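**Student:** could you work out the structure for the sequence below:
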Amino acid sequence: MASVFGHALLGATLGKLLLPSRPGWPWWLLAAACAVLPDADVVGFKLGVAYADLWGHRGLSHSVAAAAVVATILVLLIGWFRRGQHAASGRLWVLLFLATASHGVLDAMTTGGLGVAFWSPFAPERYFFGFRPIQVSPIGVSRFAGAAAWRVLRSEALWVGMPCLLLWWSQSLWRTAGRQGSR
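**Tutor:** Prediction:
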């Protein structure tokens, strides 16, 4: 898996890109949380769930279907708590779906594990992408230390951090050019 840092950064970046005009940071934090959420499946290890099972790590929780369910539930909850205000929009759903689904995308770009069950529960096969530059992160806080942490964070800085910074910078340039062009 990619680290929590890489997942959260990508989720927050998607928030910045898709909801730039709102008072963004609460939505960016929610998107970052959605991007990290699929790794809650590691609790299954403590409960005796095997890695390769439907409920195992990188299984159902990392699927496109799970991303759609998470986005739908969150948008409905937000709409309910905001008493039907338009905050629960389609754009917010797209953000939360993409942020949650981005988790599997990053994991499919790592150098280890069993692959990602993108189409679970409909198809159990697990996939990696042909391009796998992100060093796999050890599972567990105690194992994410020292040389292992440095190796993972260095690869994520290059393959997640730099593209995210470039996207933020590009959006900023685009918006600045748009404001100057409308004068």
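**Student:** how about residues contacting whatever helix or strand R91 lives in?
**Tutor:** Using DSSP states H and E, R91 sits within helix 90-107. Helix 90-107 has contacts (C-beta atoms under 8 Å, 6 or more residues apart in numbering) with 1-2, 6-7, 10-11, 14-15, 18-19, 27, 30-32, 34-39, 58, 62-64, 66-68, 70-72, 74-75, 78, 113, 116, 118, 134, 160. Heads up, the C-betas are built off the backbone N, CA and C, glycines and all.
**Student:** at 6 Å what do you get?
**Tutor:** By C-beta atoms under 6 Å, 6 or more residues apart in numbering, the residues outside helix 90-107 that reach it are 1-2, 7, 10-11, 14-15, 18, 31, 34-35, 38, 58, 62, 64, 67-68, 70-71, 74-75, 116, 118.
**Student:** so where's this structure uncertain?
**Tutor:** Along the chain, segments meeting pLDDT under 70 span 1, 22, 84-88, 142, 181-183.
**Student:** what is the neighbour count of R126?
**Tutor:** Using other C-beta atoms under 10 Å, the number of residues around R126 comes to 21.
**Student:** tell me if I'm right that it and G113 touch.
**Tutor:** No: R126 is not in contact with G113 according to C-beta atoms under 6 Å; the separation is 8.5 Å.
**Student:** separation between the most centrally placed residue in the chain and T111?
**Tutor:** By C-alpha atoms, centre = their mean, the mean C-alpha position of the chain lies nearest to A35, the distance being 2.7 Å. Using C-beta to C-beta, to the nearest Å, A35 is found at 20 Å from T111.
**Student:** helices or strands up against the lengthiest helix in the chain?
**Tutor:** As assigned by DSSP state H, the longest helix anywhere in the chain is helix 162-181. For helix 162-181, the packing partners by 3 or more C-beta pairs under 6 Å, 6 or more residues apart in numbering; DSSP states H and E come out as helix 4-18.
**Student:** the helix it packs on: what's the following helix or strand?
**Tutor:** helix 25-36.
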